[in-house]
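Undergrad: One predicted model, sequence on top.
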Amino acid sequence: MSLDDVGHHMLDVDGVTLHVAEQGSGDPVVLCHGFPGLWYSWRHQLTALAEAGHRVIAPDMRGYGRSDRPPAPQDYDRRHTVADMVGILDALDIDEAVFAGHDFGAALVWDLPQWAPGRVKALMQLSVPRMPVSKLPPTEMYARMAERHFVHVHYFQDEGPADEELGREPERFLANVFWALSGGYRYLDIWRHPSEGNGYLDVLPEAPPLPWPWLSVDEFAYYVDEFRRTGFTGGLNWYRAYDHVWREKQTLPDEPVTVPTIFLVGDRDPVREMMGADALERMADLVPGLRNVHIIEGAGHFVQMEAPGEVNAAMLAFLAGIG
């Protein structure tokens, strides 16, 4: 199998149209990307899992790629994003699936066992560990952090500036953010820059020329073409929905995740560094179903692209173990 064998479907779901890529047959696995991702961020997993006997489904999440891009941030809250995942299962006549998530996709997938009971068989989570709900609205916390240094999450909150900046130079932004978050750079070095007077491109490092060991010229061009066509507002709206999701969780607090789960993270992932050395230990209390944690040497945030062999092996072993 190859990516040439991937099928592409447009599904009408929860009032939006979502694009999904699909390959293989058998037990279903749904792969949910984050920012700035696409279904294509799972290109290495699609074929590997399909060849092993799984039906692999990778959507362009709402706001991205060929999927619809609702303009309002509240349209990216949990009610809507969970409905997207349930709607995909319903449209494809699937009762229950294993879900994998990366970045924002991981944050959503952590909530699925509670928000979509009976539809989630197991979880394979990348990069973003399960964390307790904050006591303060997230935007308030990030605003406080931004008083001391540049914080992209805070910069992204206002509609307009980031949309325009990133959309003006999509090729430069994508190269620089992929590099900055990879194992080849220490992302938290950008925190030395102040928020005042800086945009994201002002603080990101300039990426070395492509190709890189984990990203070819042609692969990178796919991202550039898609984001040049769509812009970044849809993806940025996931950040702007932070407080909406936080308010939802005040009335529906998180429950422990008891379905079988594995967690994979690069040892150079900046999320791991930001959340502290004990984040993985604390996650065990929030995820009683956690079976294994895989820390992948040399990989950064985009672990499924930077270390596809290790990620695929861990996923396949886990899937074989849950039947």
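TA: Cool, the structure landed.
Undergrad: What helices and strands are in contact with the helix or strand hosting Met305?
TA: With secondary structure defined by DSSP states H and E, Met305 is part of helix 303-306. Helices and strands touching helix 303-306, by 3 or more C-beta pairs under 8 Å, 6 or more residues apart in numbering; DSSP states H and E, are helix 43-51, strand 261-266. (Glycine included, C-beta is placed from N, CA and C.)
Undergrad: Of all these, which one is nearest Thr230?
TA: Closest to Thr230 of those is helix 43-51 (C-beta to C-beta; 18.5 Å).
Undergrad: and the angle for the helix or strand following that closest one with helix 43-51?
TA: As assigned by DSSP H and E, the chain's next helix or strand after helix 43-51 is strand 54-59. Calculated by axes from the mean of the first three to the mean of the last three C-alpha atoms, to 10 degrees, strand 54-59 forms an angle of 150 degrees with helix 43-51.
Undergrad: Strand 54-59 pairs with which strands, and in what direction?
TA: Sheet partners assigned to strand 54-59 using DSSP bridges are listed as strand 16-23 (antiparallel), strand 27-32 (parallel).
Undergrad: okay, those strands, which one's buried deepest?
TA: Each of these was scored by mean neighbour count; the highest is strand 27-32, a mean of 25, by mean count of other C-beta atoms under 10 Å.
Undergrad: neighbouring contacts of it?
TA: 39, 42, 45-46, 49, 53-59, 61, 85, 88-89, 92, 94, 96-102, 105-106, 108-109, 121, 124, 319 (C-beta atoms under 8 Å, 6 or more residues apart in numbering).
Undergrad: do stretch 266-280 as well
TA: 127-129, 131, 181-183, 186-188, 263, 265, 293, 295-301, 303, 306-307.
Undergrad: Going through the contacts of strand 27-32, which ones are buried?
TA: Using 16 or more other C-beta atoms under 10 Å as the burial test, the contacts of strand 27-32 include 39, 42, 45-46, 49, 54-59, 61, 85, 88-89, 92, 97-102, 105-106, 108-109, 121, 124, 319 as buried.
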